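when you get a sec, could you give me coordinates for this:
(one chain, ligands or ions: 1)
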Amino acid sequence: SSIDSSALCPSTSFQIQYCGRTLEHGEAAFLDGVGNELGPALKANNTARGVSSIWEVRESPGKGLGVFATTLITAGSRVMVEPPLFAIKPPEFIPGKGYEIEAMIADVDKAVAALSSEEQDEFRSCHEHRLPNEAASEHRRNMFIFRSNAYTLTDGKIAMFPKIAKINHSCRPNAANVWSSVSRLRIIWAARDILPGEEVSVTYAPLLQTREDRQKRLAQYGFRCSCEACHDHAHTDPRRKQMARLLSELEDRLARKTSAFANKKLLLKATALVEMLEEEHMMDYLPNAYRMAAELSFRLDNITAAEDWARQELRLHENADELSSASQDAVAFLLKTTSAR
Ligand SMILES: C[S@@+](CC[C@H](N)C(=O)[O-])C[C@H]1O[C@@H](n2cnc3c(N)ncnc32)[C@H](O)[C@@H]1O
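Model (predicted):
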C-alpha cells in the first residue's frame, strides 16, 4: 500500500513555512534552550514539555482527544511550540501513487526504538487511523501512528510532533500552524482570540477549496469534518473559490511586469482578498496577500501604503517567530520600501 504525501502533511502548503522545515534532527535536549532563542513571548508560552497553563488535552466529543484553551489566549500569541520528536527520510515519492509504506516501516520502527521509554509512550499516545483493509494487529502500528500525525518537511523528511498532533482539524481554524526552519520549531499561534474552554484547531487541508475537495483530503484521516464552514458550505464554497481565484490571478500578474493602469485594478483585487481573508482569520494566506498589496502599492509609488501593508505582513510572521526566514524576508522588503522614500 502507499500513502499520498498530503496525508502526511496536515496543513496547507503556503509559502516556505507551511508543512515545510529544513529539519536536521529532533533532539529532546533542544527543548529547554528554546526560550533564549525566541524571545520573551515564546519563553512565556513554551509548552514543549506538555506542561501548560494555557491549554489541556482532553476528550473532544466525536473527535477523540483534542487541545482546549484553559484561559483566554489572545490573538497573535503562541499556543504551543514543539521541536520534532524524530524525523525520517522517506523512500522516493511516486507522483499519483505516494510513498511505499512497506519501505518506511523499518525506518519508523527504528526511529521509535531509539526514543526513551517516556518518548515512546508519548508517540504511542497519538491517534492511529487504519483503513478498513488494514488489519488490527500490532505489526505496523508505529507506521500507522506516524502516517496519521506526521508532517512532511521541505527537505523531504517527515517528522512527528506528538503534542501538536493532539490538535484537531477545522476548516475555519482558530490557530495558525507554522514551521520555523531557523528555530527548528513548529509553532501554533492564535489566529484570533481563543476563549477559555474553546478547542484549539488547525487545518489539515488547504482551505481555499470547496467543502467537497476538503472532505476528500480529510477522508485520509478517517473523519468527515462538521465544522461551521462545512455546515455553511452554500455560503463558504463560493467565497473560498473567489479567494482562490483572486490569489492565483494576483500571483500570476505580479510575477510579470505590470502597467500603472493594471496595478490600480490589481490593488483593488488585493485589498478585496485581504478583507475576505481577514474576516475568516486565514493566517496561511494573509501574509502573502499583504505582501501583494504592498508590492502593488510600491509599484504605484505609494510608499506609505506599501509600508503599512508590509508591516501587517511582518506582524503575522513575527507572531510565529521573529527569527524565521519569512520574518527576515518581510523585514528586507520593508527596508527596500523605506529606502525608496
Ligand atoms: C492528528 S490527530 C488529532 C488528535 C486526535 N483527535 C487524537 O485523539 O489524538 C488526527 C485524528 O483526529 C481526529 N480528528 C481530527 N479533527 C477532527 C474533526 N474535525 N472531526 C472529527 N475527527 C477529527 C481524526 O480521527 C483524525 O484522524
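
for the rest of this, base every contact and every neighbour count on C-alpha atoms.
OK.

just checking, next helix/strand downstream of whichever strand or helix holds residue 310?
With elements delineated by DSSP states H and E, residue 310 resides in helix 303-320, which encompasses its position. Read in the C-terminal direction, the helix or strand following helix 303-320 is helix 325-339, with elements assigned using DSSP H and E.

name the nearest residue to residue 222, ignoring sequence neighbours.
By the measure of C-alpha to C-alpha, 6 or more residues apart in numbering, the closest residue to residue 222 outside its immediate chain neighbours is residue 129, 6.5 Å from it.

how near is that neighbour to the ligand?
6 Å (C-alpha to the nearest ligand atom, to the nearest Å).

and the ligand, is stretch 150-158 touching that?
No. Contact between stretch 150-158 and the ligand, assessed by C-alpha under 6 Å from any ligand atom, is absent, since the two come no nearer than 7.9 Å.

switch to numbering from 39
Got it, the first residue is 39 from now on, which makes the last one we talked about stretch 188-196.

just the buried residues of that stretch, please?
Of the residues in stretch 188-196, those with enough neighbours to count as buried (16 or more other C-alpha atoms under 10 Å) are 188-192, 194-196.

cool, and stretch 161-177?
Neighbour counts over stretch 161-177 (16+ other C-alpha under 10 Å) mark 161-162, 164-168 as buried.

adding distance to residue 210, write these out as CSV.
As requested, the buried residues of stretch 161-177 are arranged in CSV below (distance: C-alpha to C-alpha, whole Å):
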residue, distance to residue 210
161, 27
162, 28
164, 23
165, 22
166, 24
167, 23
168, 26
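
just the residues you listed: which are in helices?
Helix and strand membership here follows DSSP state H; of the buried residues of stretch 161-177, those in helices are 161-162.

taking the buried residues of stretch 161-177, tell me the two that lie furthest apart.
Comparing all pairs in the buried residues of stretch 161-177 by C-alpha to C-alpha, the longest separation belongs to 161 and 168, at 16.3 Å.

thinking again about what came up before, chain center to the helix holding residue 348: distance?
Helix 341-358 sits 20 Å away from the centroid of its parent chain (C-alpha atoms, centre = their mean, to the nearest Å).

same thing with stretch 328-341?
On C-alpha atoms, centre = their mean, the centre of stretch 328-341 falls 26 Å from that of its chain.

for it, give the mean pLDDT please.
With pLDDT averaged residue by residue, stretch 328-341 scores 98.

how about it: buried residues?
By neighbour count, and taking 16+ other C-alpha under 10 Å as the criterion, the buried residues in stretch 328-341 are 328-338, 341.

hang on, the earlier thing: so which of the buried residues of stretch 188-196 comes closest to the ligand?
Distances from the ligand to those, taken as C-alpha to the nearest ligand atom, are shortest for residue 188 (7.9 Å).

quick one: contacts of the longest helix belonging to the chain?
Ranked by residue count and defined by DSSP H, the top helix of the chain is helix 271-292. Counting by C-alpha atoms under 8 Å, 6 or more residues apart in numbering, helix 271-292 makes contact with 245-249, 267-268, 304, 307-308, 311, 314-315, 327, 330, all of which sit outside it.

max pairwise distance over those residues: which two?
Spanning the widest gap among the contacts of helix 271-292 are 268 and 304, at 30.0 Å by C-alpha to C-alpha.

residues of the stretch 89-238 of the chain that sit close to the ligand?
Selection of the stretch 89-238 of the chain residues close to the ligand by C-alpha under 6 Å from any ligand atom yields 100-104, 164-165, 167, 186-187, 203-208.

apply 8 Å and report the result again.
Counting by C-alpha under 8 Å from any ligand atom, the residues of the stretch 89-238 of the chain close to the ligand are 97-98, 100-104, 163-167, 186-188, 202-208.

quick one, which of those residues are buried?
Neighbour-count burial (16+ other C-alpha under 10 Å) applied to those gives 103-104, 164-167, 186-188, 202-208.

buried ones in stretch 225-234?
Taking 16+ other C-alpha under 10 Å as the basis for neighbour counts, the residues of stretch 225-234 that come out buried are 225-230, 232.

out of these, which are inside helices?
When the buried residues of stretch 225-234 are checked against helices using DSSP H, none is located there.

make TSV from the residues you listed and add pLDDT to it.
Below are the buried residues of stretch 225-234 laid out as TSV (pLDDT from 0 to 100):
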residue	pLDDT
225	94
226	96
227	97
228	98
229	98
230	98
232	98
